[in-house]
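Asker: Generate coordinates for the sequence data below:
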Amino acid sequence: FQCGWLPRAQCRAQGAVQAANALVRSLNAATATIQSVRNEADSGIADATTKLNTLLQQFRQLNDAITSAAGDAAELTENMDKRDALARDISGLIGIRVVRGPNNDRALYTDGGVTLFETEPRTVSFQPTLSMTPGAPGNSLFIHGVDVTSPSSPMVLQSGSIFGLVKLRDD
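Answerer: The predicted structure follows:
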């Protein structure tokens, strides 16, 4: 910063004002970046919710075919492999525990203990956060009406990409 003809005190004051302005611009840019990342994470949660509901419907179709024992042994084995692959895909989105039932049946529970699939898929719902308030968490994800992402949830998710996106967005 160059003052030229200005007195020393006034020169220092102008230098401080310019430095403060640069700091404000930098903080505003950082805030905009953080808000953009939070909005992208929120959008990712919405996309993952749609994908999860689709995977659960596919899981149901295969599980029904397996438990009804329709088809030959080769078809049964193929369906079981496909169902296992779907469970892996689901576990990438949301931490799950797979429980075996009679007649090759499977149930899915979140790693927090919420029923995700037991004979029927549970509805996974999420309303994107329209306006991200700095420092405030976004909207919660619900499974069959149970909040699984807010800090106050007794059955909060512990793993999966949805868990990661919520952490990125809110923390």
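Asker: buried sites along the helix or strand hosting residue 85?
Answerer: Using DSSP states H and E, residue 85 sits within helix 73-93. By neighbour count on 16 or more other CB atoms under 10 Å, the buried set for helix 73-93 is 79-80, 82-83, 86-87, 90-93. Backbone N, C-alpha and C define where each C-beta goes, glycine included.
Asker: Residue 163 touches residue 92, doesn't it?
Answerer: No: applying CB atoms under 8 Å, one finds residue 163 not in contact with residue 92, separated by 10.8 Å.
Asker: ok, which stretches of this structure are strands?
Answerer: Remark: strands assigned in the chain by DSSP state E are 96-100, 106-110, 115-118, 120-121, 124-126, 141-143, 146-147.
Asker: Based on its surroundings, how many neighbours for residue 48?
Answerer: 21 (other CB atoms under 10 Å).
Asker: now it: how far from residue 161?
Answerer: 6 Å (CB to CB, to the nearest Å).
Asker: shared neighbours, those two?
Answerer: Common neighbours of residue 48 and residue 161, counting by CB atoms under 8 Å, 6 or more residues apart in numbering, are residue 93.
Asker: Just name the closest of the buried residues of helix 73-93 to residue 57, please.
Answerer: Using CB to CB, residue 86 comes nearest to residue 57 of those, at 9.9 Å.
Asker: In terms of secondary structure, what does the longest helix seen in the chain contact?
Answerer: In the chain, assigned by DSSP state H, the helix with the most residues is helix 8-67. Here helix 8-67 touches helix 73-93, strand 106-110, strand 115-118, strand 120-121, strand 124-126, helix 161-170, going by 3 or more CB pairs under 8 Å, 6 or more residues apart in numbering; DSSP states H and E.
Asker: Cool, thanks, signing off.
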